[in-house]
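Undergrad: Return a 3D structure for these sequence lines:
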Amino acid sequence: MAKLGKRLKSTNETIDREKFYTLGEAVEMIKTNARAKFDETVEIAVNLGVDPRHADQMVRGMVTLPNGTGKNVRVAVFAKGDNVEAAKEAGADIVGAEDLAEKVQKGEIDFDRCISTPDMMSVVGRLGKVLGPRGLMPNPKLGTVTKNVAEAVKAAKGGQVEFRVEKAGVIHAGIGKASFSEQALSENISAFVGAIQKAKPSGVKGTYMKKVALSSTMGPGVKLDLATLSAN
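TA: Modelled structure (predicted):
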């Protein structure tokens, strides 16, 4: 069995794996133990009492984090006509139509979020097998198929995060950086968890939100006390 490094060992000794911490305590511990030479991402994992195999128990949506994610999000927009300039002015990194579709088909996917105007979906629809598995397919329910591309681009750049439950009933997302203040991280976490609560499917029976844990890129996980989280 490999030995733990001194830093990781000392970090593990400060955290009680069986304890459920208040939001404030958890955030403080995550920041204290994020000691890598780079600005670690603070991640959240939410275990839900749902079975995503059933359509009426799928949990998916968008939430705008009040303090952003700290990540530079590259946005691609499928548009033509006046919407091309509108998307560029709003900060889109890549804008195109059939030419962009050809690049995507070749596997040239240099973006984190994909937005499309409704009139371009006949082109984008052909890219489902490429964009779908990567979670990049534009969707009207998520606001990524829209006539107002400028607003969608600004939202994506400004800290909007998409969440989607995985097969095991877990939602993972990055909700900030270790360099963020404790208040900024706490606000982001509360906003994220609140959005998942609001997205509770009507078909869910029993306990909906089972467990919430925080971690940093190189750090151990910290369990959150759901009662204090709800209070926030």
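
Undergrad: so what are the domain limits for the chain?
TA: Split into domains by automatic domain parsing, the chain comes to 17-69+160-231, 75-157.

Undergrad: can you tell me the average pLDDT over stretch 75-89?
TA: Rounded to a whole number, the mean pLDDT of stretch 75-89 is 96.

Undergrad: quick revisit: which of the domains of the chain has the lowest average pLDDT?
TA: Comparing mean pLDDT across these, the lowest value falls on domain 17-69+160-231: a mean of 92.

Undergrad: which stretches of the protein form helices?
TA: Applying DSSP state H to the chain gives helices spanning 6-13, 23-33, 82-90, 98-105, 121-124, 128-131, 149-157, 182-198, 226-231.

Undergrad: Just send these back as TSV, with distance to residue 111 and mean neighbour count too.
TA: Using the backbone N, CA and C atoms, a C-beta is placed for each residue, glycine as well. What follows is the helices of the chain, written out as TSV (distance: least, Cβ to Cβ, whole Å; neighbours: other Cβ atoms under 10 Å):
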stretch	distance to residue 111	mean neighbour count
helix 6-13	34	12
helix 23-33	29	20
helix 82-90	12	17
helix 98-105	9	15
helix 121-124	13	16
helix 128-131	10	14
helix 149-157	10	21
helix 182-198	22	18
helix 226-231	33	14
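
Undergrad: Next up, the contacts around residue 110.
TA: Taking Cβ atoms under 8 Å, 6 or more residues apart in numbering as the definition of contact, the neighbours of residue 110 are 74, 76, 93-94.

Undergrad: Out of those residues, which end up buried?
TA: Taking 16 or more other Cβ atoms under 10 Å as the criterion, what is buried in these is 76, 93-94.

Undergrad: What about those, which are in strands?
TA: Among these, the ones falling in strands (DSSP state E) are 76, 94.

Undergrad: between the buried ones among the contacts of residue 110, which is closest to residue 135?
TA: Taking Cβ to Cβ as the measure, residue 135 lies nearest residue 76 of the buried ones among the contacts of residue 110, at 13.5 Å.

Undergrad: sorry, back to before: so which of the helices of the chain gets nearest residue 210?
TA: Residue 210 sits nearest to helix 226-231 of all the helices of the chain, at 8.6 Å, using Cβ to Cβ.

Undergrad: Might you calculate how far stretch 126-146 sits from the centre of the chain?
TA: Taking the mean of its C-alpha atoms, stretch 126-146 sits 15 Å from the chain's own mean (Cα atoms, centre = their mean, to the nearest Å).

Undergrad: Need the distance between the two termini of it.
TA: 18 Å (Cα to Cα, to the nearest Å).

Undergrad: For residue 184, which residues are in contact?
TA: Counting by Cβ under 8 Å, 6+ apart, residue 184 touches 66-67, 176.

Undergrad: if we go to 10 Å?
TA: Residues near residue 184 by Cβ atoms under 10 Å, 6 or more residues apart in numbering: 27, 65-68, 70, 175-177.

Undergrad: now swap in residue 202 and tell me
TA: Applying Cβ under 10 Å, 6+ apart as the definition, the contact partners of residue 202 turn out to be 56-57.

Undergrad: And the contacts of residue 110, which is closest to residue 121?
TA: Nearest to residue 121 among the contacts of residue 110 is residue 76, at 14.4 Å by Cβ to Cβ.
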